[in-house]
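**Q** pasting the sequence and the predicted model now:
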Amino acid sequence: LAYAAHYKMLLLVIDIVTFFLYGRLGKNKKLLMEQPDGYKEKGKEDWICDLQASIYGCPQGANRAKKELKHTLVTEGGFVQLKSDDCVYVLRSGPDIVLMATHVDDMLCAATPGGAIKLQLCLEKKFKIKEFKDPSIFTGVLLERDIKAQWLKVHQGHYVRAMLERWGMTDCIARTTPLE
């Protein structure tokens, strides 16, 4: 985020729609489940479902979908996955740069205009995505930005206020240290 603020890069939040459904099961893997309520046919109530893809709620669903995302970005898009943090991907292609942090199916990206286009084209080959430019929130953290002044503020002030309201402490006297 500091890099994005300093170099006046675009900030984007990208959401992959129905992310867990993109996780392919291995060829030798079987995932079975009982029929969900409302889908049982008369006379076949004891039948089980043989899933073809991961779904929400399956322990391996997020892992499989994450592997599919990694394959798309690294193998097809030319991104490099950081060794120090496997949720961060970087693309440098001439003047174009993309820095992307992932959290399940949400991605926070800092990119040059050309990098943003390359990222979008790469992801749209395999996934249905929603893109939000100049985000004000990401995974519960507020983002405030002044592009001209080159600053970016990250905070959870809304969360602190909600906690104060929940515990009836909105009228408390603020102190900088506990012993003050």
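**A** Good, I have the coordinates.

**Q** after the helix or strand that contains residue 97, heading C-terminal, what element do we hit next?
**A** With secondary structure defined by DSSP states H and E, residue 97 is part of strand 96-103. As assigned by DSSP H and E, the chain's next helix or strand after strand 96-103 is strand 106-111.

**Q** give me the sheet partners of the helix or strand where residue 143 lies and which way each runs.
**A** In this structure, residue 143 sits in strand 141-146 according to DSSP H and E. In the sheet, strand 141-146 lines up against strand 137-138 (antiparallel), strand 151-155 (antiparallel) (DSSP bridges).

**Q** tell me the buried residues in that strand?
**A** 143, 145 (16 or more other C-beta atoms under 10 Å). From N, CA and C alone the C-beta is placed, and that goes for glycine too.

**Q** tell me what angle that strand forms with strand 106-111.
**A** Using axes from the mean of the first three to the mean of the last three C-alpha atoms, to 10 degrees, the inter-axis angle of strand 141-146 relative to strand 106-111 is 20 degrees.

**Q** keeping just the C-alphas, turn strand 141-146 into PDB.
**A** Provided in PDB are the C-alpha atoms of strand 141-146 (Å, rounded to 0.1, in the frame of the first residue of the first chain):
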ATOM      1  CA  VAL A 141     -10.200  -2.400   7.000                       C
ATOM      2  CA  LEU A 142     -11.000   1.200   5.900                       C
ATOM      3  CA  LEU A 143      -8.800   2.800   3.200                       C
ATOM      4  CA  GLU A 144      -8.500   6.500   2.900                       C
ATOM      5  CA  ARG A 145      -6.400   8.000   0.200                       C
ATOM      6  CA  ASP A 146      -5.200  11.300  -1.200                       C
END
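
**Q** can you pull the contacts of residue 81?
**A** Contact analysis of residue 81 by C-beta atoms under 8 Å, 6 or more residues apart in numbering lists 70, 73, 74, 88, 89.

**Q** closest one of these to residue 159?
**A** Closest approach to residue 159 among the contacts of residue 81 (C-beta to C-beta): residue 88, at 24.1 Å.

**Q** ok, that closest one - contacts?
**A** Residue 88 neighbours (C-beta under 8 Å, 6+ apart): 81, 82, 99, 100, 101, 102.

**Q** picking up where we left off before, show me the contact partners of the strand holding residue 97.
**A** By C-beta under 8 Å, 6+ apart, strand 96-103 touches 3-4, 9, 66, 69, 73, 79, 87-91, 107-112, 114-116, 118-119, 139.

**Q** apply 7 Å and report the result again.
**A** 3, 69, 87-91, 107-112, 114-115, 118-119, 139 (C-beta atoms under 7 Å, 6 or more residues apart in numbering).
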